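Engineer: structural data only, the sequence is not supplied:
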């Protein structure tokens, strides 16, 4: 999850999701309180810089030394805290608007190797057949062992039409295979929809961007929601890595009349936030099934968790990624910024998503997602912990149903979507056969 601050207004985000905080968050006061205790270690730091500058075989730029040290400091905390040089910070701001030059994959680190969390739909990586769980062994001429995510992204990003070669190692392969991809503008269309059958609609959110909530509202209207034609909806959040927190809240709010959607808890003042649903603009009470898998992370887990806790939707698929931490992006004086994990978020029932994920009500696996990595697989991930459970009367014990689809059928069709439609139709069939009182 990310938060972004423009002026004095906080704009929370989620994303492989981001929090940008331009108010300096009481940093001056906190630094003055910390420094006396850290003087001895800081002296070691300054001594090393001096030794390197005086004795290294070649002349070294002091800024590069400082940047390298800060990168190492933040990378040692958890998988999502990091340092961004000025050009990286600018690129991140562009990315949250849903358009950037690259190949279209979300990545993480596992066993000191870059690993694909999910390819983004309709991008060069997706079309080339790169899959979740693939290990990126080499980018161009550089091997990726111990490479930071920011450095890897920098190598894979670039102008439209230029090429980049990456070597992929898949679990079923003996040796890495070479993929030469032509970079494109990754303009992610966050909402897609279609009619499955009369009265039953399908709506996919691939990422939570600035206009996703508005696009979802338009799509629902075109599916017949306003006219009361929509009897059931399949909301597809599979392989959705997250995005803007506020958009996730607005989307959950469209399906909930009241109650808590999500809350966050952190150590520092101002990091505790609560987001409540409001009755205005709530969708009609048609049946909803939400599709999730191991590539559903952060903002996706907020929506799925809120709808599940309030019994507004049935969650179908496989366990989600488990990213339940909030990153605040704090700009620095030279145009760089740090992305720091500052809090964790919790579902309305007080469940921490961190390193756990959302467990579906109905488990239906598929071959394509069996190798998804999870937050708990990432090095230095924060451990899961409990929140302060809310106890709305609506919340009941979840009933879990497990289904195992045949591999042959999974490869031939989207078995999870088929099951979702079957369940929606079955509900109306059984409702029609219920004894009249």
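Structural biologist: Received it, and whenever you're ready, just let me know what you need. Keep in mind it's a predicted model, so treat the numbers as computed, not measured. Numbering: from 1, shown residues only.
Engineer: how does the protein divide up, domain by domain?
Structural biologist: Per automatic domain parsing, the structural domains of the chain span 2-91, 99-187, 191-325+345-368+389-433.
Engineer: and those domains, which is most packed in?
Structural biologist: domain 191-325+345-368+389-433 (a mean of 20; mean count of other CB atoms under 10 Å). Any C-beta I mention is one placed from the backbone N, CA and C, and that applies to glycine too.
Engineer: and the strands in the stretch 51-200 of the chain?
Structural biologist: Applying DSSP state E, counting those that start in this stretch to the stretch 51-200 of the chain gives strands spanning 82-84, 99-102, 105-110, 113-119, 135-139, 142-143, 163-169, 177-182, 184-187, 191-197, 200-205.
Engineer: out of the ones you listed, the one nearest residue 240 is which?
Structural biologist: Distance to residue 240, taken as CB to CB, is lowest for strand 200-205 among the strands of the stretch 51-200 of the chain, at 5.8 Å.
Engineer: sheet-wise, list the partners of the closest one with their directions.
Structural biologist: Applying DSSP bridges, strand 200-205 is found paired with strand 191-197 (antiparallel), strand 232-236 (parallel).
Engineer: any idea how far the shortest one is from the chain center?
Structural biologist: Pointing back at strand 232-236 there. Its chain's average C-alpha position is 20 Å from that of strand 232-236, according to CA atoms, centre = their mean, to the nearest Å.
Engineer: ok so, going back, in CSV: the strands of the stretch 51-200 of the chain, plus mean pLDDT and distance to residue 308.
Structural biologist: Formatted as CSV, these follow (pLDDT from 0 to 100; distance: least, CB to CB, whole Å):
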stretch, mean pLDDT, distance to residue 308
strand 82-84, 92, 31
strand 99-102, 79, 32
strand 105-110, 83, 23
strand 113-119, 86, 21
strand 135-139, 95, 32
strand 142-143, 93, 42
strand 163-169, 96, 34
strand 177-182, 96, 37
strand 184-187, 84, 30
strand 191-197, 96, 21
strand 200-205, 97, 16
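Engineer: now distance to residue 305 too, for the ones you listed, in TSV please.
Structural biologist: Converted to TSV, the strands of the stretch 51-200 of the chain look like this (distance: least, CB to CB, whole Å):
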stretch	distance to residue 305
strand 82-84	26
strand 99-102	28
strand 105-110	20
strand 113-119	19
strand 135-139	30
strand 142-143	38
strand 163-169	32
strand 177-182	34
strand 184-187	27
strand 191-197	20
strand 200-205	15
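Engineer: tell me which of those lies nearest to residue 359.
Structural biologist: Using CB to CB, those put strand 113-119 closest to residue 359, at 19.0 Å.
Engineer: tilt between that closest one and strand 135-139?
Structural biologist: Here strand 113-119 points in a direction 110 degrees away from that of strand 135-139 (axes from the mean of the first three to the mean of the last three CA atoms, to 10 degrees).
Engineer: how far out from the middle of the chain is strand 113-119?
Structural biologist: 13 Å.
Engineer: each with direction, which strands does it pair with?
Structural biologist: Here, using DSSP bridges, strand 113-119 pairs with strand 105-110 (antiparallel), strand 135-139 (antiparallel).
Engineer: between strand 163-169 and the first one, find me the angle.
Structural biologist: Which is strand 105-110. Going by the same axes, to 10 degrees, strand 105-110 makes 40 degrees with strand 163-169.
Engineer: can you check the shortest one too?
Structural biologist: Here the directions of strand 135-139 and strand 163-169 differ by 140 degrees (the same axes, to 10 degrees).
Engineer: next, the nearest residue to residue 321 once chain neighbours are set aside: secondary structure please.
Structural biologist: Excluding the flanking residues, the one nearest residue 321 by CB to CB, 6 or more residues apart in numbering is residue 297, at 3.7 Å. For residue 297, the secondary structure call by DSSP: H, G, I helix; E, B strand; the rest coil comes out as coil.
Engineer: I'd say residue 297 and residue 238 touch.
Structural biologist: No - with contacts defined as CB atoms under 8 Å, residue 297 does not count as touching residue 238, sitting 10.8 Å away.
Engineer: how about low-confidence regions in the stretch 301-437 of the chain?
Structural biologist: 366-412, 434-437 (pLDDT under 70).
Engineer: and the helices in it?
Structural biologist: Along the stretch 301-437 of the chain, counting by DSSP state H, counting those that start in this stretch, helices occupy 407-412, 415-433.
Engineer: equivalent analysis for the stretch 151-300 of the chain, please.
Structural biologist: Using DSSP H, counting those that start in this stretch, helices in the stretch 151-300 of the chain cover 212-222, 245-255, 299-309.
Engineer: now the first one against helix 245-255, angle please.
Structural biologist: Think helix 212-222. Using the same axes, to 10 degrees: helix 212-222 against helix 245-255 is 30 degrees.
Engineer: how far out from the middle of the chain is helix 212-222?
Structural biologist: 21 Å.
Engineer: and the angle for that helix with helix 299-309?
Structural biologist: 60 degrees.
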